[in-house]
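sequence and predicted structure are below.
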Amino acid sequence: MPQDIRGVVILGSTGSIGINTLKVVDRYPDCFKVVGLSALNNHELLAAQARQYRPKYVGIGQQKRALLKKALSETSLKILDAESELSWLVSRPEVDIVVIGMSGSAALEPFLSAARAGKRIAPANKEALVIAGDMIMKEAAEHGAEVIPVDSEQSAVFQCLAGGRRKDLHKVFLTASGGALRRVPSSRFAALRVGDILNHPRWKMGKKITVDSATLMNKGFEVIEAQRLFGLNVEEIEVVIHPEAVIHSMVAFQDGSVVAQLGITDMRLPIQYALTYPERKETGLKPLDFFEMKRLTFAKPNIKKFPSLALAIEVAGRGGTLPSVLNAADEEAVQAFLNERIPFSGIYNIVEKIVRSHIMIRNPGIPDILAADAWARQEARKRIADFKFYKQFI
């Protein structure tokens with residue numbers, strides 16, 4: 001491929017991050033060439049993407065591999081196992097940029113492989129950074145890889161830090177909209193159903209992240225993520241409730257100056273920035289109109305109402321295998337709530353008890369992290385079973 005065209009692999013190409021990344025590629029076909037695409041289950045959309053972009057490699061989960069092969073039988077594309085061959089894919093020499101839009105801890109191995117291969121990595125996956133961010137960033141530094149986050153809050157911090165020296169940093173402010181329950185009294189939490197929680201007041205997201213947004217656990221994960229990405233102490237990070245979601249994050253420096261990143265809420269902005277950095281290219285999106293803004297408001301998070309945030313911040317301070325346990329227990333508990341196996345209030349109840357009962361390993365390796373993940377899931381399933389009579393009362 002021509003030297004000025006960068007080869008892109010998109011892990012999770014059928015999700016919102018992947019779809020928006022392809023929109024950026026469409027806008028700048030002279031800058032980017034899709035080398036690989038992957039999905040876990042959505043073989044139909046993946047096949048359509050493969051026909052349009054003609055990557056060399058397409059990955060799919062084992063259960064849908066036969067269906068994808070049939071759908072792409074007229075092509076010569078190499079079909080990979082998305083559960084075991086993504087690390088090989090991201091390490092290919094023709095790959096320059098790896099966009100990680102896949103969810104879950106399965107992103108850890110390809111994330112590490114891309115770091116060790118010295119690629120530019122544009123992660124939207126929280127889980128890998130939460131459970132092993134220190135290790136990932138160490139590998140990236142040792143092998144000359146660039147990690148430019150795609151999550152809007154982390155992208156905002158990255159951009160704000162570009163305006164000053166790291167040693168002059170005083171504090172990072174991560175903004176949060178407040179989720180679906182910002183105006184709902186905690187006395188009503190026990191009676192909330194899945195539909196109530198998924199009705200986010202500002203935008204449509206995946207079910208898991210919408211629930212985590214409602215508990216503020218998602219913002220807690222972002223605290224851990226920012227800690228790993230930017231080498232911060234927990235005391236250097238503060239969460240601010242900002243319902244208008246115009247300011248995506250802010251950085252305060254030692255002299256009292258505060259640099260904020262503002263923009264419309266469209267994921268193409270941070271995705272394109274990660275792909276084109278340090279250049280900024282025109283996006284075709286509607287610009288932010290200051291004259292349409294009526295006000296910008298800020299508040300401290302209510303830790304008593306949303307204890308998941310406090311728990312995540314505590315875990316960030318303690319580190320070790322605790323972030324892996326927190327992430328795994330939360331995944332299991334949230335899914336149980338979505339399946340109506342536990343009440344909304346049961347999510348924190350389960351996660352907190354598992355975190356408190358874990359015997360932490362302070363400097364874990366990958367086997368320790370994965371073992372902690374497996375242990376937490378097993379413990380969560382046991383505790384979820386204790387709610388077996390819950391459905392009789394809903």
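Cool, got the structure.

next, count neighbours for Lys207.
14 (other CB atoms under 10 Å). In this view, the C-beta of every residue, glycine as well, is placed from N, C-alpha and C.

contact partners for it?
Going by CB atoms under 8 Å, 6 or more residues apart in numbering, Lys207 touches Leu198, Leu338.

repeat that with 10 Å
Going by CB atoms under 10 Å, 6 or more residues apart in numbering, Lys207 touches Val194, Ile197, Leu198, Val334, Gln335, Phe337, Leu338.

tell me the one of these nearest Ala226?
For those, the closest approach to Ala226 (CB to CB) belongs to Val334, at 21.4 Å.

got the phi and psi for the closest residue to the closest one other than its chain neighbours?
The shortest distance from Val334 to any non-neighbouring residue, by CB to CB, 6 or more residues apart in numbering, is to Val211 (4.8 Å). Note on Val211: backbone dihedrals following degrees, to the nearest 10 are phi -70, psi -40.

go on, Val35?
According to degrees, to the nearest 10, Val35 has phi -100, psi -40.

quick check: it touching Val25?
No - if you go by CB atoms under 10 Å, Val35 and Val25 don't touch, sitting 11.0 Å apart.

now flag whichever of the contacts of Lys207 is closest to Leu40.
Distances from Leu40 to the contacts of Lys207, taken by CB to CB, are shortest for Gln335, at 15.1 Å.

helix, strand or coil for that closest one?
Secondary structure for Gln335, judged by DSSP: H, G, I helix; E, B strand; the rest coil, is helix.

Val35 and Val25: which has the busier surroundings?
Using other CB under 10 Å, the more surrounded residue of Val35 and Val25 is Val35, with 23 against 20.

quick one: contacts for the more buried one?
By CB under 10 Å, 6+ apart, the neighbours of Val35 are 1, 6-10, 53, 55-57, 89-90, 92, 94-98.

quick check on those residues: which are buried?
Buried subset of those (neighbour count, 16 or more other CB atoms under 10 Å): 6-10, 53, 55-57, 89-90, 95-98.

and of the residues you listed, the nearest to Asp255?
Of these, the one sitting nearest to Asp255 (CB to CB) turns out to be Ile97, at 35.3 Å.

any idea how far the closest one is from Leu11?
11 Å (CB to CB, to the nearest Å).

joint contacts of these two?
Val90, Ala114.

now for the helix or strand Ser324 falls within, which elements pack on it?
Using DSSP states H and E, Ser324 maps to helix 322-338. If you count contacts as 3 or more CB pairs under 10 Å, 6 or more residues apart in numbering; DSSP states H and E, helix 322-338 packs onto helix 126-143, helix 194-198, helix 207-215, helix 217-230, helix 307-318, helix 345-357, helix 366-385.

of those helices, which is nearest Leu269?
helix 217-230 (17.4 Å).
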